[in-house]
Each structure stands twice: as structure tokens, then as C-alpha cells.
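Enquirer: Sharing a model that was predicted from the sequence below.
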Amino acid sequence: MSKVSYCSRKNHWETIGKVLHCFMGSGSTGQAAINLNGNFIGFELDNKLRMLSF
């Protein structure tokens, strides 16, 4: 479970605003933001990890 999902469930958020994640990795935080109807901006320098997120 990503931090976005955990925080939203803990705080009973139905939606979130914007999430900026500078080390995107496989994209689980971005997927959690999208699932909560939020906007997501992510950056990843490692090409192997970046390709996992698509």
C-alpha cells in the first residue's frame, strides 16, 4: 500500500488534490493518487524504473 492510499484511508479522505513525487519508481503512489481522483506529477531518472510505471 502506498503512502497516499494509507493516509487517505487513515484520514477518511474521499479525494485528494495534487501529488508531486520526485522519485516515482514503479508508480504506485501515482496509481493511488489516480484511484482517489487526484492529480499526479512524478519524476524518475532511472530508465528501468520509469518504464515500469507505464
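Expert: Received the coordinates, thanks.
Enquirer: can you pull out the strands in the protein?
Expert: 18-21, 39-42 (DSSP state E).
Enquirer: Mean pLDDT lowest where, among these?
Expert: Of all these, strand 18-21 carries the lowest average pLDDT, namely a mean of 84.
Enquirer: From the contact counts, what lies against that strand?
Expert: Here strand 18-21 touches helix 28-35, strand 39-42, going by 3 or more CB pairs under 8 Å, 6 or more residues apart in numbering; DSSP states H and E. (Glycine included, C-beta is placed from N, CA and C.)
Enquirer: Need the winner for burial among the ones you listed.
Expert: helix 28-35 (a mean of 19; mean count of other CB atoms under 10 Å).
Enquirer: okay, that helix in PDB with CA atoms only?
Expert: What follows is helix 28-35, C-alpha atoms only, in PDB (Å, rounded to 0.1, in the frame of the first residue of the first chain):
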ATOM      1  CA  SER A  28       2.400   3.000  -7.100                       C
ATOM      2  CA  THR A  29       2.000   6.500  -5.500                       C
ATOM      3  CA  GLY A  30       0.700   7.800  -8.800                       C
ATOM      4  CA  GLN A  31      -1.700   5.000  -9.200                       C
ATOM      5  CA  ALA A  32      -3.000   5.600  -5.700                       C
ATOM      6  CA  ALA A  33      -3.500   9.300  -6.500                       C
ATOM      7  CA  ILE A  34      -5.400   8.500  -9.700                       C
ATOM      8  CA  ASN A  35      -7.600   6.000  -7.800                       C
END
